[in-house]
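> Show me how the following folds:
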Amino acid sequence: MVAAGLAGLLLAWGGHLHGLENSPSYLLLAATLLAVGLVGSTRDISFADVRAHLSTVLLAVTVGVIVKAALIAAVMFLAFDDPAVLVLGVAVAQIDPLAVAAMSRPDRISPRARAILSIWASFDDPVTVLLTVYFSAFALQLRGDVAGTAPGMLGHDPVDLLLGLAANLAFAAAAWLLWHVLQVAGLRPDAPVTPRRRAAVRWTAVALLILLVLVAAWQFLMLGLAIAGLFFRPRLGPVVGRSTQAAYLIATFLLGMLLVQGVRVLQGVVLGLAAVAAHMLVSLPLSRGLPAVDRRYLASGQQNGLTAVILALVLQRDFPGTVGVVATAIVVINSVHALATALLDRRRPPGHSDRPLPADPVALPRMRENPSGSLDAER
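Presented below is the predicted three-dimensional model:
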């Protein structure tokens, strides 16, 4: 990833490329990358998990994402007194999946802590993407920018907001109708069709998913795509992971190209430290009732990656300098995360994750991994 960013920086510097974010195709490419990442994150959400851990899901969405983004935005606004910095709190409010994978090692945290972290990480990407639209509109209004328009918004008026919401809901409804037709046509496991027809329907479903991603990126219908991602799930195998990895490489390359405009070290450092502190604060209600070691690991779990990079690319056009701030903040956040994890690993008592846990005040059942890779509650 570092090599991709450096390659982009060198290309922009050597080719004297400036104003990339103002090109007509830039926002479409950034929105496409965001849509690909959004589909990947929503596929990790299991309805069985939602039903079994509804209270944890609500805490993850409200406290773990919305409150955290608001806290970071408030710190940035108080520190720099600029409405444009409000959107920065959203850009770094999510947890990178790589941090979740590393933190979820059985020798680090207990199964219940892994379940909480998995649910938190599954929901924070879609929610931060949606918050970006509305925080951007609010920041543009405070800035008095009548020309700028937040991504996915027709304008600043409440009517424009309602029209945008209606367009997203219509998109999701169309996706549901397509999925229902595909189920009837042979995608449903018990549908009486030949293997050849079933294979043809599956390929059709994949093609339609690609079309939905492109349309959502074109019109920035990220709310509609997030809803569609909850049910429009053709079998893709390793394609999802590879697509997400490719999107990360491309996004990092673009980030490097934009860094030729410079970085904002002070704002980036403050943003990074604010994100770490906000995550530690909001982790308290989410980790309530867990052993002390689990609580410490969850409190140090803030790390940023794909979504933060792509959101910075999307916001750069209306909020110049966003990339320079977010890139610095990512370095700060990930450095703090690496240092904190290393210190916790040294202090971790052996075999702590196998110890019996106290009663959970949010009634979170123990989790097991099913063959599909998602977490289900033990009945």
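
> Any figure for the gap between the residue nearest to the spatial centre of the chain and residue 42?
By C-alpha atoms, centre = their mean, the mean C-alpha position of the chain lies nearest to residue 125, the distance being 2.0 Å. Distance, residue 125 to residue 42, using C-beta to C-beta, to the nearest Å: 8 Å. C-beta here means a position set from N, CA and C on the backbone, and glycine is covered the same way.

> and what of residue 327?
Taking C-beta to C-beta, one finds residue 327 at 26 Å from residue 42.

> can I assume residue 258 is in contact with residue 23?
No: look at residue 258 against residue 23 with C-beta atoms under 8 Å: they stay out of range, at 11.8 Å.

> okay, these two: which has more neighbours?
The neighbour comparison of residue 258 against residue 23 (other C-beta atoms under 10 Å) goes to residue 258, with 26 against 11.

> So which residues make contact with the helix or strand the more buried one falls within?
Here residue 258 sits within helix 239-258, counting by DSSP states H and E. For helix 239-258, the external contacting residues (C-beta atoms under 8 Å, 6 or more residues apart in numbering) are 1, 4-12, 17, 20-21, 29-30, 33, 36-37, 39-40, 43, 305-306, 309-310, 312-313, 316, 323-324, 327.

> Any chance of a PyMOL selection covering the buried ones in those residues?
Per 16 or more other C-beta atoms under 10 Å, the buried members of the contacts of helix 239-258 correspond to this PyMOL selection:
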select buried, resi 1+4+5+8+9+12+20+21+29+30+33+36+37+39+40+43+305+306+309+310+312+313+316+323+324+327
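
> In helices only, show me the contacts of helix 239-258.
Counting by DSSP state H, the contacts of helix 239-258 place 4-12, 29-30, 33, 36-37, 39-40, 306, 309-310, 312-313, 323-324, 327 in helices.

> Let me see the contact set for the spatially closest residue to residue 263 that is not a sequence neighbour.
In space, residue 263 comes closest to residue 324 once its chain neighbours are excluded; the distance is 4.1 Å by C-beta to C-beta, 6 or more residues apart in numbering. Counting by C-beta under 8 Å, 6+ apart, residue 324 makes contact with 258, 259, 261, 262, 263, 264, 268.

> For the residue lying closest to residue 323 once chain neighbours are set aside, give its distance to residue 26.
In space, not counting the residues next to it along the chain, residue 323 is nearest to residue 258; the distance is 4.3 Å by C-beta to C-beta, 6+ apart. Note on residue 258: its distance to residue 26, by C-beta to C-beta, is 10 Å.

> Need the residues touching each of these two.
residue 20.

> Can you tell me how far the spatially closest residue to residue 202 that is not a sequence neighbour is from residue 204?
The shortest distance from residue 202 to any residue other than its chain neighbours is 5.9 Å, reached at residue 234 (C-beta to C-beta, 6+ apart). Using C-beta to C-beta, one gets 9 Å for the distance from residue 234 to residue 204.

> any shared contact partners between these two?
When contacts are counted by C-beta under 8 Å, 6+ apart, residue 234 and residue 204 have residue 182 as shared neighbours.

> Alright, calling it a day.
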